[in-house]
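Chemist: here's my sequence, what's the structure:
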Amino acid sequence: MKHVKPPSEVLHPRGWHSDVSHQRKVTSYAVEANFYQSFASFCDEACYVPQFVGLIQCSEQGEQQTLIMEDLDTSGFNRVHHKINEIQIKAVLSWLAHFHGRFINTETPGLWPIGSYWHFATRQDEYQAMPKGVLKDKAKYIADTIEAARFRTLVHGDAKLANFCFSQSDAVAAVDFQYVGTGVGVKDVMYFLGSCLQDKQLWASHDQFIDYYFSVLKQVMSQYSQTEFEHLEQEWRALIPFVWADFHRFLLGWSAEHPKINDFMHTQTALALE
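Modeler: As a prediction, the model looks like this:
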């Protein structure tokens, strides 16, 4: 059970509290409830999510709600890892490929029109806080380039390692769908790899994990979609530096000293800016 009761006063640990951020958070819980009610049932064993049980909304205080879901612990997904190995990374990438492949070019009413918690239009406070420079100057162009993609799907929107639960056999389920919405699948892939790999690991393994993701996605799309995979892969691969740069933009405004801002991210941003 996930009970939502927004506080009367919000004190963010990094100082980010405003009416805009409060409303974004409130909307995110409504989006999550819509996802579980309308889309979770389409996710099979290969992209497992908790199944929807019920929703209790408090009409007197409209921002309150209680979302009731399947208990993943009792379903065998009782492990959360802080560090994972190659097999487990590939298990999550397979989850993402199946999730993305399942929802290619699907209408997703009730979810975010642009999936991911850091997207440009909803992070103007952080944008204003960015240091001056070419990335700030090109931030909107980078975001617009990503969102102009021809091939779109449903993205988790917060696909960090902490939001994936593992079984004893390394089967995977995902939680926390507050920022699920439309986008390009490589957004989730970038964010996931950045959440579990350090700089040297990204230099060594990033490209092979990207290749693995697309190999699984190709298999999935042959089942669910008539979309020409080769054109989708070409478009999404070209956008990889852009999604790194887009997240870099957010971090520079939100927490400029964040450890995720590393040499690999700087290099990907440079590629996008070229």
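
Chemist: contacts only, for Lys138.
Modeler: Going by C-beta atoms under 8 Å, 6 or more residues apart in numbering, Lys138 touches Leu273. From N, CA and C alone the C-beta is placed, and that goes for glycine too.

Chemist: please name the nearest non-neighbouring residue to Gln64.
Modeler: The spatially closest residue to Gln64, leaving aside those adjacent along the chain, is Cys58, at 3.9 Å (C-beta to C-beta, 6 or more residues apart in numbering).

Chemist: ok, Cys165 next?
Modeler: Distances taken as C-beta to C-beta, 6+ apart place Phe77 nearest to Cys165, at 4.0 Å, with adjacent residues excluded.

Chemist: contacting residues around that neighbour?
Modeler: Contacts for Phe77 (C-beta under 8 Å, 6+ apart) come out as Tyr48, Cys165, Phe166, Ser167, Ala171, Val172, Ala173.

Chemist: where do the strands sit along the stretch 51-200 of the chain?
Modeler: Along the stretch 51-200 of the chain, counting by DSSP state E, counting those that start in this stretch, strands occupy 52-57, 65-69, 153-155, 164-166, 172-174, 181-183.

Chemist: point out the most buried one among these.
Modeler: Among those, strand 153-155 has the highest mean neighbour count (mean count of other C-beta atoms under 10 Å), at a mean of 27.

Chemist: counting by contacts, list what that one packs against.
Modeler: Strand 153-155 sits against helix 86-102, strand 181-183, helix 185-196, with contacts defined as 3 or more C-beta pairs under 8 Å, 6 or more residues apart in numbering; DSSP states H and E.

Chemist: now do the buried residues in the first one.
Modeler: When neighbours are counted by 16 or more other C-beta atoms under 10 Å, the buried residues of helix 86-102 are found to be 88-102.

Chemist: angle of it against helix 185-196?
Modeler: Comparing the axes of helix 86-102 and helix 185-196 via axes from the mean of the first three to the mean of the last three C-alpha atoms, to 10 degrees yields an angle of 160 degrees.

Chemist: name the helices or strands packed onto helix 86-102?
Modeler: With contacts defined as 3+ C-beta pairs under 8 Å, 6+ apart, helix 86-102 has these neighbours: strand 153-155, strand 164-166, strand 172-174, helix 185-196, helix 199-224.

Chemist: hey, which of those is tucked in deepest?
Modeler: Of all the helices and strands packed on helix 86-102, strand 153-155 carries the top mean neighbour count, a mean of 27, counting by mean count of other C-beta under 10 Å.

Chemist: given that strand, what are its sheet partners and their directions?
Modeler: Partners of strand 153-155 in the sheet, by DSSP bridges, are strand 181-183 (antiparallel).
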